[in-house]
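# Make a model of this:
(chains A and B)
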There are 2 protein chains.
Amino acid sequence: MSRRKPVIALLGATGAVGREMLKIIHEQNIEYDTLKLLASKRSAGSIITCQSHKFPVEEVSEESFSGIDICLASAGSEASKYWIPLAVKKGVTVIDNCSYWRLKDDVPLVVPEVNPEELHRHHKIIGNPNCSTIQLVQVLAPLHKRFGLKRVIVSTYQSVSGAGNKGIMSLQAETAAFPKKASGCFSRRIAYNVIPQIGDYEANGFTTEEMKLLHETRKILKDNSLLITGTAVRVPVFYGHSESVLLQFQSKVSPAEVRQELTDTQNLQIMDNNHLNLFPTPQDCESNDNTLVGRVRQDIMGEDWINLWIVSNNLRKGAALNAVQIAVYLIDKDII
Amino acid sequence: MSRRKPVIALLGATGAVGREMLKIIHEQNIEYDTLKLLASKRSAGSIITCQSHKFPVEEVSEESFSGIDICLASAGSEASKYWIPLAVKKGVTVIDNCSYWRLKDDVPLVVPEVNPEELHRHHKIIGNPNCSTIQLVQVLAPLHKRFGLKRVIVSTYQSVSGAGNKGIMSLQAETAAFPKKASGCFSRRIAYNVIPQIGDYEANGFTTEEMKLLHETRKILKDNSLLITGTAVRVPVFYGHSESVLLQFQSKVSPAEVRQELTDTQNLQIMDNNHLNLFPTPQDCESNDNTLVGRVRQDIMGEDWINLWIVSNNLRKGAALNAVQIAVYLIDKDII
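The predicted structure follows:
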């Protein structure tokens, strides 16, 4: 493919992630020939405005994919399972944000700072990892490469926007009305509450969200021996997922070594100074696309253990931005 | 001391915990001869109403402690350090909720379901453990006794009421005004945010709140070999602390065995059924004084690891109720 400007489609353009993708494409001045917004029948006909451009939303059909070079999709597993093979048949390269394709063998699962080389062996479908996985592997990858990890223990503090527009609306409405029971999209009231259940349960008692941390991280880090466990919890925060993370290394590692290694890593930012009471919170990632790391400390478990805290914008680096970064890489390297 | 009705004082009676103590004493129909409410000069002169009784708040002085049998104190470390020795000199037995005395050798640190026998060797000062410790040891104690624990890894989701009335007011005000910066008693905005810092930092990089989990649990369980680590995080919840807890045992333990052991333990309640999507959230402890346990599962780390979730009302079982339970034990056993 030559260096002509690509024709881009956004599938699921009216969702929380779709809207963020549109925003990032324009923030980053990504050049395109045409940008097509596709959504289900329900949203078709509406107009989305971005930087004073008006984009009509079209109902997705098999024909929508004719002439498209890259499709950034965030439309949920059911839609993805149906539409993506049809898009691929039309020659489209799809970067998909849902979990359906992520763990399939011929689908690279990519965080561009970590494993961009995987993009060179794609077969038209590229997986965008789960939001909580992306920020985790951004931190794990440099540490695993440098020091060797054995165990990872994660507890998450995930914002409502991880559940999409309906998650945002649930917290807004429940905060205003303060109902006794759940009134939104979550299984419990989320206003002034926390919910230790994200996704469905698997047979082992973990939720799908928790198992994504294990399976996706292993795939991205190419290490099936890594032990990763977690509890995924929804908290009443609009934007930004947080993770309390305990790491066991192959041998002794100091907090200073960890901080240095992460400081040297692209798109990570250390916010960690106890004297200044500096650490990241979700609020800090509202206008910061770096994944933020703080509270780095030698753990009580021993000299081979490090405890730390990770925060990232789940809609941007956790979803839309990561997908756009993949698209940019494909365009730049001419491997659409 | 005979079985005459005790004279009780509440020190710090106008605080969030003090008010809850007053409520619980009347809920439980605890018989007293006199009930004196003591507070700092700032709060003195006000009237607190409980079950249609009106209690005047007196300014605390050395004289306030004359004739008092039991004092339930929740006035902060500075006040506690100053007033409690004066109270003890007057013959008062003090159950204190602050951290100042808790780890001293001659101060029993008691959760009545776990180590009531410690109360028989008190020297007038009895420590009421930290809120996040109480709910943790309620779960750890029976499991440690039955199966033997090696490691405990905790991530907390602590409500704003753990910081007292000012914490409650901060979240109320910030939710209404949604300020850009912290406007209340926390170091960051707490509305729609989470804050991975509770207490001051110790030299090892852990916070005082995190180190309480280690030191207090070891003292209560009488086991200094137990490895306990944690990250303590403030979340925008009014009442109820939650804890994501990973346990490593001396040998293989099944979730069924853990559930059975905890079901058989006083004041614990298992809320754990994935088919019914049953698990506890902070909302559930608003009107339930049990410590609630859910999400019990064999962990990915191996057959000797169990992952679970604990929720409890931090103002009640985590502070006021535990102190009142101690007082009741002292009165019943005639060991004031």
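# any idea how far A:Cys185 is from A:Gln172?
A:Gln172 sits 12 Å away from A:Cys185, going by Cβ to Cβ, to the nearest Å. From N, CA and C alone the C-beta is placed, and that goes for glycine too.
# Touching both of those two, which residues are there?
Shared contacts of A:Gln172 and A:Cys185 (Cβ atoms under 8 Å, 6 or more residues apart in numbering or on different chains): none.
# so A:Leu22 touches A:Ala9, yeah?
No: if you go by Cβ atoms under 8 Å, A:Leu22 and A:Ala9 don't touch, sitting 11.3 Å apart.
# Please enumerate the shared neighbours of these two.
Residues touching both A:Leu22 and A:Ala9 (Cβ under 8 Å, 6+ apart) are A:Leu35, A:Leu37.
# May I see the buried residues of whichever strand or helix holds A:Val57?
Taking DSSP states H and E as the definition, one finds A:Val57 inside strand A:53-59. In terms of neighbour count (16 or more other Cβ atoms under 10 Å in any protein chain shown), strand A:53-59 has its buried residues at A:Phe55, A:Val57, A:Glu58.
# With stretch A:261-271 instead?
Across stretch A:261-271, burial judged by 16+ other Cβ under 10 Å covers A:Glu261, A:Leu262, A:Thr265, A:Leu268, A:Gln269, A:Ile270, A:Met271.
# Just those residues: which are in strands?
In this view, these that belong to strands under DSSP state E are A:Leu268, A:Gln269, A:Ile270.
# Phi and psi next, for the nearest residue to A:Gln28 once chain neighbours are set aside.
Ranked by Cβ to Cβ, 6 or more residues apart in numbering or on different chains and with sequence neighbours excluded, the top spatial neighbour of A:Gln28 is A:Val324, at 6.8 Å. Per-residue torsions, A:Val324: phi -70, psi -40 (degrees, to the nearest 10).
# Next, the contact list for A:Val324, please.
Contacts for A:Val324 (Cβ under 8 Å, 6+ apart) come out as A:Met21, A:Ile24, A:Ile25, A:Gln28, A:Ile30, A:Leu72.
# Quick one, which of the residues you listed are buried?
Buried subset of the contacts of A:Val324 (neighbour count, 16+ other Cβ under 10 Å): A:Met21, A:Ile24, A:Ile25, A:Ile30, A:Leu72.
# Around chain B, pick out the residues from the stretch 201-336 of chain A.
Contacts of the stretch 201-336 of chain A with chain B, taken as Cβ under 8 Å from any Cβ of the partner chain, map to A:201, A:204-206, A:214, A:227-229, A:231, A:233, A:235-238, A:242, A:244, A:246, A:255, A:274, A:277, A:279, A:281-283, A:294-301, A:305, A:307, A:309.
# What helix or strand is A:Ser170 located in?
helix A:165-177.
# could you give the angle of that helix to helix B:165-177?
120 degrees (axes from the mean of the first three to the mean of the last three Cα atoms, to 10 degrees).
# helices or strands up against helix A:165-177?
If you count contacts as 3 or more Cβ pairs under 8 Å, 6 or more residues apart in numbering or on different chains; DSSP states H and E, helix A:165-177 packs onto helix A:16-27.
# Using CSV, list the CA coordinates for the helix it packs on.
Extracted in CSV, the C-alpha atoms of helix A:16-27 (Å, rounded to 0.1, in the frame of the first residue of the first chain):
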residue,chain,number,x,y,z
ALA,A,16,-17.8,6.2,25.1
VAL,A,17,-14.7,4.6,23.4
GLY,A,18,-15.8,5.5,19.9
ARG,A,19,-16.2,9.1,20.7
GLU,A,20,-12.8,9.2,22.4
MET,A,21,-11.2,7.6,19.3
LEU,A,22,-12.7,10.3,17.1
LYS,A,23,-11.4,13.0,19.5
ILE,A,24,-7.9,11.5,19.6
ILE,A,25,-7.7,11.1,15.8
HIS,A,26,-8.2,14.9,15.5
GLU,A,27,-6.1,15.8,18.5
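# Counting by contacts, list what it packs against.
Where contact means 3+ Cβ pairs under 8 Å, 6+ apart, helix A:16-27 is packed against strand A:7-11, strand A:34-39, strand A:47-50, helix A:165-177, helix A:321-332.
# most neighbours per residue, which of those?
Each of these was scored by mean neighbour count; the highest is strand A:7-11, a mean of 25, by mean count of other Cβ atoms under 10 Å in any protein chain shown.
# contacts for it?
A:18, A:21-22, A:25, A:32-39, A:60, A:64-65, A:67-75, A:79, A:83, A:87, A:92, A:327.
# let's see 6 Å
A:18, A:21, A:32-38, A:67-73, A:75 (Cβ atoms under 6 Å, 6 or more residues apart in numbering or on different chains).
# And for stretch A:275-284?
A:237, A:240, A:242, A:271, A:292, A:294-295, A:311, B:187-189, B:193, B:195-196.
# swap the cut-off to 8 Å and go again
Under Cβ under 8 Å, 6+ apart, the answer for stretch A:275-284 is A:157, A:159, A:237, A:239-242, A:269, A:271-272, A:292-295, A:309, A:311, B:187-189, B:192-197.
# same question, stretch A:140-153
Outside stretch A:140-153, the residues that touch it by Cβ under 8 Å, 6+ apart are A:111, A:113-115, A:136, A:217, A:220-221, A:223, A:226-230, A:245-251, A:253, A:257-258, A:261-262, A:264-265, A:268, A:304, A:306, B:153, B:246, B:301.
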